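Novice: any chance you could fold what I've pasted below:
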Amino acid sequence: MKSPIKLLILILIGVFLITSGFSCKLFPKKEVPKTLTKKINLTYWGVWDDTADLQQIINDFTALHPNISISYKKFRFQEYEQKLLEAWAEDRGPDIYSIPVEWLKEYQNRVTAQPASIQLAFNEVDTTFGKTDVTTVVRQVPVFNPNEIKNRFVDTVFNDVIINGQIYGLPFSIDNLALFYNRDLLDAAGIATPPTTWTEVKEAVKKTTLLDSQNNIIQAGIALGGAENIPRAVDIVSLLMMQNGTQMTAGGKVNFQAPPTGSSDKSYIPGLEALNFYTDFADPVKEVYSWNQDMQNALDEFISGKLAMMYGYSYQLPVIKSRAPKLDIGIAPMTQIQGATQALNFTNYWVNTVSHKTASANEAWGFLNFATQENEVKKYLNITKRPAGLRSLINEQKNDPEIAVFADQALTAQHWYAGKDANKMEEIFLEMIENFSYTADPQSLMKNAAERINLTL
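Specialist: Below you'll find the predicted structure:
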């Protein structure tokens, strides 16, 4: 057994070695690759978010990884796609960019898929005997795998972002359609609660639409029936078709113009009936006439107090509130078919992804995985008031009156794959809606539209 004096001497020697730096020479730390510690600036492009919406998450990430900085740039939607294409053509562009989820397959070759594992540099601060030592270490960071995407996000995300077993994008939020209504106009019409079914919508429209002696609309009951002047008309009609039993695609082709596969009644085309129902609201001879192509954009009409009801997404609420702060707005669940046993809702959302041009894919994907973890993405959602895509946050959001409806619908919201050129699909679909009331053969019109969209698949 060692004497107390010898033990004390050994301890003093150890302390001397540690505090004098000899220990580093005797036990050198593993050298960190310079490629993981060099200074990196990630550029991040988007449309709907302001820098302030993302800054807290960016600050949290760069505090952990001081060698990485992130610069965000916001664009107008009308210019965004062209700016991306120009940047790629000139061999530049953002490291991270957000796009509508329906663009993901169109631009799949412009995306670097997420690596299965990612290593990033961290700074560790150690204070011993009053001396502060900053050491750079490399660690694996948490990243999603396809199975976690399936279990942790709402269902539509897995179907959209997993391509050939790899992750191509991550969403911060999953938006869906709901009914916006003007409480004052519904109260004046004697409607105590907003409609919940399409049958109730028809009755509410009759009470809230006001016409002059020349049959001109002076107050619109609801924005339905049109194309270009109704925001996301394609989504509304698509949802009507889906709720009515339309099989939007079958066998890799568009099928909204035909009976569902396996249907015994080949004469009944649910998509045709849905489009008929929709366009009735813009037909002056119908009881539900409440809209026409000469009206302003539905969002502007609603803000001006001349429109009782419209369908919209959560991102439109701040626009309405900023432009019409005194408007008494209500938000109700998306309208369903009477007697339906299961609610069916429609989602439209954006994903964040990593460019094929970046030299910093690990760092970019590291940030996106960090930003979409529950504790971080909550900060973004609380600022933007948008509905969550993570299942774990949905119940909490149901307590927020502004987004409760959207949160409640997240688990039943879906959409359909509209091909590799989503913009072309929308152009064709809007043209079909616009011409539907004027054609003598609506079935042929729909068939022609489907054939043109099929060329984009």
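Novice: who is the residue nearest to Arg386 when sequence neighbours are not counted paired with across the strands?
Specialist: Counting by CB to CB, 6 or more residues apart in numbering, Ser173 is the residue found nearest to Arg386 once chain neighbours are left out, at 3.9 Å. Where you see a C-beta, it was placed from the backbone N, CA and C, and this is true even at glycine. For Ser173, the beta-bridge partners are Ala388 (DSSP bridges).
Novice: thought Pro387 was touching Ser173, still the case?
Specialist: Yes: using CB atoms under 8 Å, Ser173 is in contact with Pro387, at 5.9 Å.
Novice: now do the contacts for the residue lying closest to Arg323 once chain neighbours are set aside.
Specialist: Closest residue to Arg323 apart from its sequence neighbours, by CB to CB, 6+ apart: Ile303 at 5.0 Å. With contact set as CB atoms under 8 Å, 6 or more residues apart in numbering, Ile303 has these partners: 320, 323-324, 327.
Novice: just give me the neighbour total for the residue nearest to Arg386.
Specialist: 23 (other CB atoms under 10 Å).
Novice: go on, Val47?
Specialist: For Val47, the tally of surrounding residues (other CB under 10 Å) stands at 17.
Novice: contacting residues for it?
Specialist: So Val47 contacts 74-77, 80, 98, 350 (CB under 8 Å, 6+ apart).
Novice: and it, what pLDDT?
Specialist: What the model reports for Val47 is a pLDDT of 96.
Novice: over to the one 3 residues further on?
Specialist: Taken from the predicted model, the pLDDT recorded for Asp50 is 95.
Novice: for the closest residue to it other than its chain neighbours, list the residues it contacts.
Specialist: Spatial nearest neighbour of Asp50, excluding adjacent residues (CB to CB, 6+ apart): Lys74 at 6.3 Å. The contact partners of Lys74, by CB under 8 Å, 6+ apart, come to 46-47, 49-51.
Novice: of all those residues, which comes closest to Tyr438?
Specialist: Ranked by distance to Tyr438 (CB to CB), those are led by Val47 at 34.2 Å.
Novice: roughly how far does the closest one sit from Trp103?
Specialist: 12 Å (CB to CB, to the nearest Å).
Novice: now swap in Leu42 and tell me
Specialist: Taking CB to CB, one finds Leu42 at 21 Å from Trp103.
Novice: gap between Thr135 and Val354?
Specialist: 29 Å.
Novice: more neighbours, the two?
Specialist: A side-by-side neighbour count of Thr135 and Val354, using other CB under 10 Å, places Val354 first with 29 against 12.
Novice: next structured bit after the strand or helix carrying the more buried one?
Specialist: Assigned by DSSP states H and E, Val354 belongs to strand 350-354. Using DSSP H and E, the helix or strand that follows strand 350-354 towards the C-terminus is helix 361-371.
Novice: list the helices and strands that following helix packs on?
Specialist: strand 40-46, helix 51-64, strand 68-74, strand 96-100, strand 118-128, strand 131-141, strand 350-354, helix 374-384 (3 or more CB pairs under 8 Å, 6 or more residues apart in numbering; DSSP states H and E).
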